[in-house]
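# return atomic coordinates for the entry below.
(2 chains)
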Amino acid sequence: MKYKNLTKVLISLTLFLFISASQAEQLLMARTNQGFPEAMLKLQETLSEFKYSLSRVQRIDIGLTASGYQTDKYRIVFFGTEKEIAHLSKKYPHLLPYIPWKIAIFAEQQDTLLVSANPMQLSDKKYPDADKYLVKWKKDIEQIFQILRESE
Amino acid sequence: MTLSLKYHILLGTVFLLASASLHAKPNGEQLYSTHCSACHGANGDGGVGVPLSLPDFQYGVTNDYLTKTIRLGRPGRIMPAFTNLSNKEVKAIVKHIRSWAPGKPFKYSNKKINGNVKHGKEIYAKSCAACHGATGQGGKGTGVTFSRPRDLPVIAPALNNPGFLASAPDLMIKTALMNGREGTPMLSFLKQGLSEKDIDDVVSYVRSFEKNSAVKKIKEKHIPYLSYESPNSMEETIANVKKAAIGKNFRIIREQYLNEGLVKEGKENKKQMMVYFCNFDFLNRALAIDPRVGLFLPCRLTITEENGKVTVSSINPLFMSGFFNNEELDKLCQEMHQVYTDMIEESTF
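Here you go, the predicted structure:
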């Protein structure tokens, strides 16, 4: 009898932990009080410190000023590593359209904001082997964002 | 193994897991910087989100309101629900927010205000709807992002939002109307000529939004990507993709190999190609709704050939829209989903 209650408690406790672990943030975001050019430079430096290469920097600003924005400071930074991309693009169709991974970076007044999707959102029970990459990307982006938050 | 030993081990594991997340002493400033500052500003002066540091706001809301707002978020209005923070962490964040204003915040009872809803509705239509929307849905777009000139420097929050209604007692809503929020477009309605009785009536009308604010349909689960096999060669398929994009009023802005820039020039995998395209009208509409939509941009289809099989694939905008908690964006993602589906179908015909 006593154990039945305990089981209940344990189940709900585990469930609670499970839920709180699975409700990871969907977007990773950071604000740095660096201006846009400095933040952009810092992001590129930090990505390469984390051994990522830049695949491309896409401007999203054409037309921005034309439609009332006072800034043209908006870029999409695509990045990855040769090995990871070669491996993932062949093995995991659900990741293919998402790579190279990207970070959006744009000015907000004097600050700069960075946004990336949380890679863990693409974790799929069908492809458990992909998780180690997604976990790594998430951890790396979190650390990179923390470095940007702290740099002024 | 005896039953009780089993339980001890289980209990031990569970507590270990639990203590890892509960025992470290939370640092409110750090937590705010990680979870909130991107939207509300490093010192609470607002941005994508509304300002949190203004005195009228600080004195006008309770810690309970802040706590519930953090927990429940504002479904469909960008502000996320932080369900995975511990109680201690939420408390630490609230304490940090309070450090911006000296003095004690108001305390409210949960006393219900029994105003005249019908009269409140008339006042609302005249005095509130222009900013807060005809049905309390809030202003369009986000806050002062991009230094974009806007009709309002601070976005009018949604008043019909289940997260707001569950967090704000009647007396808090009343205080916002009596005092206004200096430094924002929200002015004191006492000073604008409403009587306290009128204000009670509007409060009761705002409360009546609760009837229609039941949490919206449970989010459907969407697959992360769209993909079709093409019966044609890689080259033909790429040509078809570009034709389909132009047919939908997109400009092709770039074609590149998937691993271009990551490998030495000339070593790219020629069997993995990406075509980027863009439509400025669409882009500007999207950016006005939510500056974070860069994550969808520019539009892209990926064309690959593997063992003679040619495939065209894209992200699924409906899947991604689930990340943003922005109802306005959801509609745009429906549109984008249709465009992608049509294009992939056309180019793999």
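# C-alpha from now on. contacts and neighbour counts both.
Fine.
# skip the chain neighbours and tell me the closest residue to residue A:106.
residue A:74 (4.3 Å; CA to CA, 6 or more residues apart in numbering or on different chains).
# what's the local residue count around the one you found?
Look at residue A:74: counted by other CA atoms under 10 Å in any protein chain shown, it has 24 neighbours.
# mind pulling up the pLDDT for it?
In this model, residue A:74 is scored at 88, pLDDT.
# is it true that it touches residue A:103?
No - using CA atoms under 8 Å, residue A:74 is not in contact with residue A:103; the gap is 10.8 Å.
# what about the residue nearest the centre of chain A, which helix or strand?
The centroid of chain A falls nearest to residue A:116 when counting by CA atoms, centre = their mean (3.8 Å). Assigning secondary structure by DSSP states H and E places residue A:116 in strand A:111-117.
# which element is the closest residue to residue A:96 other than its chain neighbours on?
The shortest distance from residue A:96 to any residue other than its chain neighbours is 5.1 Å, reached at residue A:89 (CA to CA, 6+ apart). Assigned by DSSP H and E, residue A:89 belongs to helix A:82-91.
# next, the contact list for the residue nearest to residue A:106, please.
For residue A:74, the contact set (CA atoms under 8 Å, 6 or more residues apart in numbering or on different chains) comprises A:59, A:60, A:61, A:104, A:105, A:106, A:107.
# which of these are buried?
Neighbour counting over those (16 or more other CA atoms under 10 Å in any protein chain shown) leaves A:60, A:61, A:104, A:105, A:106, A:107 as the buried ones.
# give the helix, strand or coil label for the nearest residue to residue B:312 once chain neighbours are set aside.
Excluding its sequence neighbours, the residue lying closest to residue B:312 (CA to CA, 6+ apart) is residue B:303, at 4.6 Å. What DSSP: H, G, I helix; E, B strand; the rest coil gives for residue B:303 is strand.
# now the chain, which segments are flagged as low pLDDT?
I'll assume chain A. Residue ranges of chain A with pLDDT under 70: A:1-24, A:61-72.
# chain B is the one I meant
Scanning chain B for pLDDT under 70 picks out the ranges B:1-24, B:142-153, B:213-220.
# relative to residue B:128, how far out is the spatially most central residue of it?
By CA atoms, centre = their mean, chain B has its centre lying nearest to residue B:78, at 1.9 Å. When distance is defined by CA to CA, to the nearest Å, residue B:78 is 22 Å away from residue B:128.
# again, but for residue B:189
Going from residue B:189 to residue B:128 by CA to CA gives 10 Å.
# ok, now residue B:311?
Using CA to CA, one gets 52 Å for the distance from residue B:311 to residue B:128.
# quick one, which of those two is more surrounded?
residue B:311 (23 against 17).
# torsion angles phi and psi at that one?
Per-residue torsions, residue B:311: phi -130, psi 140 (degrees, to the nearest 10).
# surely the residue nearest to the centre of chain B touches residue B:325?
Yes - using CA under 8 Å, residue B:78 is in contact with residue B:325, at 4.8 Å.
# residue contacts, residue B:313?
By CA under 8 Å, 6+ apart, the contact set of residue B:313 is A:96, A:97, B:225, B:226, B:227, B:228, B:301, B:302, B:303, B:344.
# same thing but at 10 Å, please
Contact analysis of residue B:313 by CA atoms under 10 Å, 6 or more residues apart in numbering or on different chains lists A:93-94, A:96-98, B:225-229, B:274, B:300-304, B:340-341, B:344.
# what secondary structure does it sit in?
strand.
# show me what it bridges to in the sheet.
With DSSP bridges applied, residue B:313 shows beta-bridge pairing to residue B:227, residue B:302.
# separation between it and residue A:98?
10 Å.
# what do the two both touch?
Residues touching both residue B:313 and residue A:98 (CA under 10 Å, 6+ apart): B:225, B:300, B:302.
# near the first one, how many other residues are there?
Same thing as residue B:225. 20.
# how much space separates it from chain A?
The spacing between residue B:225 and chain A, counted by CA to the nearest CA, to the nearest Å, is 6 Å.
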